[in-house]
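Engineer: Requesting a structural model of the entry that follows:
(one chain, ligands or ions: 1)
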Amino acid sequence: MAQEDVFKKLVSHCKEYGFVFPSSEIYDGLGAVYDYGQNGVELKNNIKQYWWQSMVLLHENIVGLDSAIFMHPTIWKASGHVDAFNDPLIDNRDSKKRYRADVLIEEQIAKYEDKINKEVAKAAKKYGDAFNEAEFRATNARVLEHQAKRDALHERYSKAMNATDLNELRQIILDEEIVCPISGTKNWTEVRQFNLMFSTEMGSTADGAMKVYLRPETAQGIFVNYLNVQKTGRMKIPFGIAQIGKAFRNEIVARQFIFRMREFEQMEMQFFVKPGTELEWFQKWKETRLKWHKALGFGDDHYRYHDHEKLAHYANAATDIEFLMPFGFKEVEGIHSRTNFDLSQHEKFSGKNIKYFDTEINESYTPYVIETSIGVDRMFLSIMSAAYTEEKLENGETRVVLKLPAALAPVKLAVMPLVKKDGLPEKAREIMNNLKFHFNCQYDEKDSIGKRYRRQDAIGTPYCITVDHQTLEDNCVTLRNRDTMQQERVAIDQLDNLIAGKVSITSLLKTLQ
Ligand code: GAP
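Structural biologist: Below you'll find the predicted structure:
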């Protein structure tokens, strides 16, 4: 199945099974804003718990914070967001559609890369085992031609972006003959800068209302509180502060479902270190974070690092952890060595001394910061896309199953009486009433047992138990495994231990140690 079709199916699956709904749907929706349904909110909460516990429970020197969404507007001046948190946008005069100029050019670069990959795939098929990919890439005339065009474009684009040269960006679009996908024309406007922050007013106009912003990242709440946390928690460098919360960006190109949203959630951790040690910590966090992702068991080939060639002016190292989505490898998490830029800026703009006093060396300094920043919604999308599976069964039917990591699954166990009579529902309820304190259980007695299994497969429930007539005699149930579909007889009093060990976040966290 083409990856585009997989993605379409995933989006409709998310809606059909209560994971993600378009926001304000009965009013025809609101662009790039989504709501999480009954199963989505459970999965999202489990992702957040996995992240939070891996940070705050597993590290003695990391504590949490929950700062407000509204902050003093000068914070965004100091951080650079008021002046520089912009996207270059361009309009097509015929379709009246607006695009990000950088995205149009990046898509053009990707087209050259696609052409190269197609040549390689064609040759690999033709030559079979005898195919030498490296040699082919280095010598094939068509590959070399595409590669040269790709490299020249990439270099020109990087230069224009580094210099924020908007005229050059437009010229690249014209020279590459990039057309609007809707109108098919090259009738482009000038490129303009567009600030991504949403703003509103605080206080009544009579009092003199203040323009405030909806935070575009949670990180600044951590920076402006770092000394409060350090002093009240008697934290010693190195230490970290973790936060989960909403962020808002007025994205121009808001596409690909929950990949790029206007309201989304971030899980960010700022790690404060002694100047000069930051690159060592950057490397440690790079490894720690990749391990956290890989522990979910989707396979190492689903992940790769993308080290930034072009660094933001405040960073001295940066990498993304990318995940293989149905539309290619995409950024899920950023790890940045942000130097002491943010804290120095806040010191300058607030006029307050926010230096850390290091008692070990009797000196004050502005700490350096390593940041790990991951989007909850992007993580959610990566998990759903890797988990969504269509399986052909021996009887010719197809089953749709979400192979979610058990610890993240919204429902851990479905309890089903084989029939709706003979005391089986009562027995099933009794079992569920004991287990519901330990993990999320769902009771289901409607339809055939086969249909009920399919419903649970579709929401990723790792285990189902069936209560049958024999249960009333031997106090055992049939336990069915979602992935293998194998069934075994298990004593009711062993269920709690057997299942809890497999579905708890604790067991997942232990694999990180
Ligand atoms: N404090 C650093 C920061 O915000 P970022 O790379 O802009 O860095 C970090 O964002 C993460 O937040 C991204 O890796 C992504 O997972 C998520 N994210 C950013 N913009 C998003 C959007 N519009 N929709 C969903 N997730 C987004």
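Engineer: Can you pull the phi/psi pair for the residue of the chain found nearest the ligand?
Structural biologist: Using CB to the nearest ligand atom, the single residue of the chain nearest to the ligand is G375, 2.6 Å away. Every C-beta, even on glycine, is put in place using the N, C-alpha and C of the backbone. For G375, the backbone dihedrals (degrees, to the nearest 10) come out as phi -90, psi 130.
Engineer: what's the neighbour count on it?
Structural biologist: Neighbourhood size, G375 [other CB atoms under 10 Å]: 23.
Engineer: That one against R260, yeah?
Structural biologist: No - at 9.4 Å, G375 does not count as touching R260 under the criterion of CB atoms under 8 Å.
Engineer: Break the protein down into its structural domains.
Structural biologist: Domain segmentation of the chain under automatic domain parsing yields 3-68+215-385, 87-195, 399-512.
Engineer: Save the ones you listed as CSV, and put in mean pLDDT too.
Structural biologist: Shown next, in CSV, are the domains of the chain (pLDDT from 0 to 100):
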stretch, mean pLDDT
domain 3-68+215-385, 96
domain 87-195, 94
domain 399-512, 96
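Engineer: now these as JSON lines including distance to G80?
Structural biologist: JSON lines is the format used below for those (distance: least, CB to CB, whole Å):
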{"stretch": "domain 3-68+215-385", "distance to G80": "7"}
{"stretch": "domain 87-195", "distance to G80": "11"}
{"stretch": "domain 399-512", "distance to G80": "34"}
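Engineer: what's the closest of the ones you listed to E201?
Structural biologist: Set against E201 and scored by CB to CB, the domains of the chain come closest in domain 3-68+215-385, at 15.5 Å.
Engineer: how long is that closest one end to end?
Structural biologist: Using CA to CA, to the nearest Å, one end of domain 3-68+215-385 lies 10 Å from the other.
Engineer: Likewise for stretch 252-264?
Structural biologist: End residues of stretch 252-264 are separated by 15 Å (CA to CA).
Engineer: and that stretch, anywhere near the ligand?
Structural biologist: Yes - contact of stretch 252-264 with the ligand (CB under 6 Å from any ligand atom) involves R260, M261, F264.
Engineer: The last one against K246, yeah?
Structural biologist: Yes - with contact defined as CB under 8 Å, F264 and K246 form a contacting pair (7.2 Å).
Engineer: Looking at those two, which is more packed in?
Structural biologist: The neighbour count for F264 versus K246, taken as other CB under 10 Å, is higher for F264 (20 against 13).
Engineer: Can you tell me the element the more buried one falls in?
Structural biologist: strand 263-273 (DSSP states H and E).
Engineer: What residues of the helix ranked longest in the chain count as buried?
Structural biologist: Ranked by residue count and defined by DSSP state H, the top helix of the chain is helix 101-127. For helix 101-127, a neighbour-count test (16 or more other CB atoms under 10 Å) marks 101-105, 108-109, 112, 115-116, 119-120, 123 as buried.
Engineer: what does stretch 292-311 give?
Structural biologist: W292, H293, K294, A295, L296, F298, H302, Y303.
Engineer: Any figure for the gap between the fifth one and Q3?
Structural biologist: Which is L296. As judged by CB to CB, to the nearest Å, L296 and Q3 stand 21 Å apart.
Engineer: The domains of the chain: which one's closest to S204?
Structural biologist: domain 3-68+215-385 (19.9 Å).
Engineer: Would you check the distance separating that closest one from the middle of the chain?
Structural biologist: Taking CA atoms, centre = their mean, to the nearest Å, one finds domain 3-68+215-385 lying 9 Å from the centre of the chain it belongs to.
Engineer: Show me what from this protein comes close to the ligand.
Structural biologist: Contact residues, the chain versus the ligand (CB under 6 Å from any ligand atom): 217, 219, 249, 251, 260-261, 264, 266, 268, 331-334, 371, 373-375, 377-378.
Engineer: So which elements touch the strand holding F264?
Structural biologist: For strand 263-273, the elements it packs on are helix 38-52, helix 219-223, helix 226-232, strand 239-248, helix 278-294, strand 368-375, helix 376-387, judged by 3 or more CB pairs under 8 Å, 6 or more residues apart in numbering; DSSP states H and E.
Engineer: any chance of the ones you listed in a markdown table, with distance to I90 too?
Structural biologist: Output for the helices and strands packed on strand 263-273, formatted as a markdown table (distance: least, CB to CB, whole Å):
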| stretch | distance to I90 |
| --- | --- |
| helix 38-52 | 34 |
| helix 219-223 | 29 |
| helix 226-232 | 39 |
| strand 239-248 | 23 |
| helix 278-294 | 35 |
| strand 368-375 | 26 |
| helix 376-387 | 25 |
